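Asker: Sequence plus the predicted model coming up.
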Amino acid sequence: MRIEHFDLVLDRNLDTPYVGGDIVKGEITIHATRPVKVAGLHVRLFGLAETGWYNKNTDVVFESRETVLDEPIDLTVEIFEHCNPEYELHDGLHKISFETHLPLDVVSSVEREGFGSVRYTCSAILHLPEDGGSEFISEKTFKVWSLLNLDAPYLRESTSVTEEEELHGCCGSSKGMLMATMQVAEIGLLPGETTRLTLTLENRTKPKRWRKRDSNKECVLVSLCQQIDFVARNRYESHLSDRRSITIAVETHGTCKAAPGKGPQTKVIDFTIPSDLPPTSIQAISTDVLDKANGLVTCSYFFKLDLEHFDVVVPVILGSRKTPGPID
């Protein structure tokens with residue numbers, strides 16, 4: 001075989017995602033054992049969103065596919081610089097570099113078995129005209145995060161939600177009120193940064209005459225939750241669609257419950273956002289109905305204070321760019 005080695009290497013591995021607008025750099029290595037005629041060299045960056053499942057209730061299969069990136073790069077001129085006048089690649093080792101900008105509107109990589117995915121690949125194809133035409137192909141998978149800048153003034157503001165509930169005894173008589181407020185220091189958060197949560201809890205129920213020894217040490221959980229929504233269309237009737245959602249707690253902290261009759265109790269938690277989370281999808285925060293309908297896979301986040309009788313949920317936005325410190 002005249003081509004002994006053909007490989008593609010990107011400048012980032014799967015643990016380091018590209019962000020919309022970033023430059024993707026790569027290098028193609030070719031080792032020819034003897035001169036071989038070539039017809040061209042091409043690189044293709046390709047992204048595909050896929051969703052699909054079987055709905056047992058309706059006995060219908062839903063599935064959708066959408067191309068989210070298709071960027072060709074023609075390196076034929078570059079490889080011809082390694083050839084003789086007859087377009088034969090010289091024997092030996094050849095390295096050809098390339099780079100291209102990702103579009104600003106790319107969507108984030110996602111992978112959830114049984115629901116859907118957004119996957120990106122970079123393929124290098126060496127075309128050989130001999131023997132009726134043949135190809136050498138090398139393909140690498142890469143990860144992409146969408147571009148979401150958090151420097152808009154409203155994303156630097158704090159946000160809070162208050163919930164309350166009246167508790168009743170077995171005969172319907174009121175036992176008192178439970179109140180809870182959760183405040184997040186900023187709406188827009190960056191993976192890896194630490195934000196401050198302020199919890200104000202008040203238990204207006206009457207204290208029991210007897211109490212378990214460890215009752216003051218009972219905990220409530222505060223979690224950062226990720227919700228991924230999937231949309232798929234009927235295989236035969238495209239106007240029919242189905243939706244599925246997955247919600248997981250990506251990070252959880254614990255704090256003590258409010259003691260009855262002690263008035264409002266404030267607790268502060270320094271909460272670190274995991275560094276490997278994709279940004280909130282534009283479709284999840286857009287007010288445009290068309291934007292909300294177009295995304296096959298969308299990602300959103302919220303903080304959840306999990307209390308015994310009710311929950312407090314505060315939506316937040318995770319981004320990919322943020323200027324350090326306050327902004328004017």
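Answerer: That came in fine, so what should we check first?
Asker: Where does the prediction get shaky in the protein?
Answerer: Low-confidence segments of the chain (pLDDT under 70): 1, 131-132, 168-174, 206-218, 261, 284-294, 328.
Asker: per the record, what domains does it have?
Answerer: Per automatic domain parsing, the structural domains of the chain span 3-145, 153-318.
Asker: quick one: terminal-to-terminal distance for the shortest one?
Answerer: It stands for domain 3-145. By CA to CA, to the nearest Å, the extent of domain 3-145 from end to end equals 35 Å.
Asker: Show me how far it is from its chain's centre.
Answerer: Centroid displacement of domain 3-145 relative to its chain, using CA atoms, centre = their mean, to the nearest Å, is 22 Å.
Asker: now the longest one
Answerer: On the basis of CA atoms, centre = their mean, domain 153-318 is displaced by 19 Å from the centre of the chain it belongs to.
Asker: gap between the two ends of it?
Answerer: So domain 153-318: terminal residues 15 Å apart, CA to CA.
Asker: Break down the stretch 151-300 of the chain into its strands, ranges please.
Answerer: Secondary structure of the stretch 151-300 of the chain (DSSP state E, counting those that start in this stretch): strands located at 159-168, 174-184, 188-189, 194-203, 219-233, 241-256, 265-272, 297-306.
Asker: and those, which is most packed in?
Answerer: strand 188-189 (a mean of 24; mean count of other CB atoms under 10 Å). Heads up, the C-betas are built off the backbone N, CA and C, glycines and all.
Asker: Paired strands for the helix or strand hosting A49, with orientation please.
Answerer: A49 is part of strand 40-55 when elements are defined by DSSP states H and E. Partner strands and pairing direction for strand 40-55 (DSSP bridges) are strand 60-74 (antiparallel), strand 116-128 (antiparallel).
Asker: quick revisit: and the strands of the stretch 151-300 of the chain: which comes nearest V36?
Answerer: strand 297-306 (42.5 Å; CB to CB).
Asker: tally of neighbours for the closest residue to P278 other than its chain neighbours?
Answerer: Closest residue to P278 apart from its sequence neighbours, by CB to CB, 6 or more residues apart in numbering: S108 at 3.7 Å. Other residues near S108 come to 25 when the count uses other CB atoms under 10 Å.
Asker: Ends of stretch 87-97, what's the gap?
Answerer: End to end - CA to CA - stretch 87-97 spans 19 Å.
Asker: same question but for stretch 295-311, I mixed them up
Answerer: 28 Å.
Asker: just to revisit the earlier point, just send the domains of the chain back as CSV, with distance to I327 too.
Answerer: Below are the domains of the chain laid out as CSV (distance: least, CB to CB, whole Å):
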stretch, distance to I327
domain 3-145, 20
domain 153-318, 6
